[in-house]
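Colleague: Curious how this folds, go ahead:
(2 chains)
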Amino acid sequence: MNKEFDFDRIGKQIPYKVPNGFFDEITSRTLIKAREREQKAKIRRIYTAVSVAASLLIMISVALFLKTGQPDIQTENVVVQPAEPVKPLSESVATNTTEPLPTKEKAELPVIEKPETWEKLLAEMTDEELVALADDLYDELFADELTTD
Amino acid sequence: MKTTIKIWFLMAVMLAPFMLAAQIQRPAFRERFLNARFHEICTRMQLSPDKAEKLKPVYFRYEKEKAAVFVESGRRFNREERRNLTVEQEEELYLARLEKAKKLIEIREKYYPGFRTVLSPKEIVQFNRIEMELNRKMVQQIRKRLNEPDE
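Modeller: Numbers count the residues shown, from 1 in each chain, chains lettered A, B, ... in the order given. Predicted coordinates:
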């Protein structure tokens, strides 16, 4: 390959050609391209922010989901144990005997978790939820009034 | 346009777990609430643990059916609207309440045989009375919390 150029042979001719009006439109085209780059960068920034927010929200919601799932298991398994009627003293204590009182029955009684009270649950509700609940209760009381003497 | 669709899709994906959590959380609260109510009624009735255990599924089904009546009920007025109800709104509210009362009585009738398998007729009357008293007590408590005067 011949690396030496004979500039005399070429003369004043320019070996490269540009389309007509290339230099006239170069400023506007550069500005358009810059604007496009800026828009792409903006969209990329939005995507990054949305992805970060989505990840955070998913993590928080999973944590919340796991947290809210726990108390339900406890409450749903609560066996309602109303107060047992008190036995008369003569029935529960053997009189005139030296034998020890039977304790087996007591030992077998299941340990009962005290269920939540509705007062406590009302305290957890928002004002709007309370208004809605009161509405439902009024409806029920209205039905009660229609059916009771 | 494509970007907008993508953003909406992303937001939907983001919100999905929240909506799911909310759906799970509310029924769980209702369940806790029903448990508390049921416990209070059983305690007041001095029901035996055996009877209470048998009654529980019937009561829960009964309460869930009742809850559906409240959920499907039409328009709800907020506290502010309730203070300044027009004659038409008062009428709308009354008629809606009457309609719901009919449905509630129907449900009570439907569940009577179920309650009857566990409770005697006398106990069922007592059960309804205690439930009514409890509702009154709850309304009072709610009014107190919302700083509303008793009717």
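Colleague: CA only for contacts and neighbour counts going forward, please
Modeller: Will do.
Colleague: and residue 75, what pLDDT?
Modeller: Picked chain A for this. For residue A:75, the model assigns a pLDDT of 42.
Colleague: should've been chain B
Modeller: So residue B:75 comes in at 69 (pLDDT).
Colleague: again with residue A:79
Modeller: On the pLDDT scale, residue A:79 gets 48.
Colleague: And residue B:14, by the same measure?
Modeller: 67.
Colleague: repeat for residue A:10
Modeller: Note on residue A:10: pLDDT of 70.
Colleague: any idea how far chain B is from it?
Modeller: 53 Å (CA to the nearest CA, to the nearest Å).
Colleague: what residue ranges in chain A are flagged as low confidence?
Modeller: For chain A, applying pLDDT under 70 flags the ranges A:1-3, A:67-113, A:149.
Colleague: hmm, try it at 90
Modeller: In the predicted model of chain A, residues A:1-29, A:51-149 satisfy pLDDT under 90.
Colleague: Okay, domains of it per the record?
Modeller: Domain ranges of chain A: A:1-81, A:116-149, per automatic domain parsing.
Colleague: Pick the most buried one from the ones you listed.
Modeller: domain A:116-149 (a mean of 16; mean count of other CA atoms under 10 Å in any protein chain shown).
Colleague: Could you check it against chain B for contacts?
Modeller: Yes: interface with chain B: domain A:116-149 contributes A:116-118, A:121-122, A:127, A:130-131, A:134, A:136-144 (CA under 8 Å from any CA of the partner chain).
Colleague: any chance you could map the helices in the chain?
Modeller: The chain I'm using is chain A. Assigned by DSSP state H, the helices in chain A fall at A:7-10, A:22-76, A:89-92, A:104-108, A:118-124, A:127-147.
Colleague: let's do chain B instead
Modeller: Using DSSP H, helices in chain B cover B:2-45, B:49-72, B:79-83, B:87-116, B:121-145.
Colleague: who wins for proximity to residue A:32 among those?
Modeller: Residue A:32 lies closest, by CA to CA, to one member of the helices of chain B: helix B:2-45, at 20.1 Å.
Colleague: quick one: residue B:61 from chain A, how far?
Modeller: 14 Å.
Colleague: Check the gap between that residue and residue B:114 for me.
Modeller: With distances taken as CA to CA, to the nearest Å, residue B:61 is found 10 Å from residue B:114.
Colleague: of the two, who's got more company?
Modeller: Set residue B:61 next to residue B:114 and count neighbours by other CA atoms under 10 Å in any protein chain shown: residue B:114 wins out with 17 against 13.
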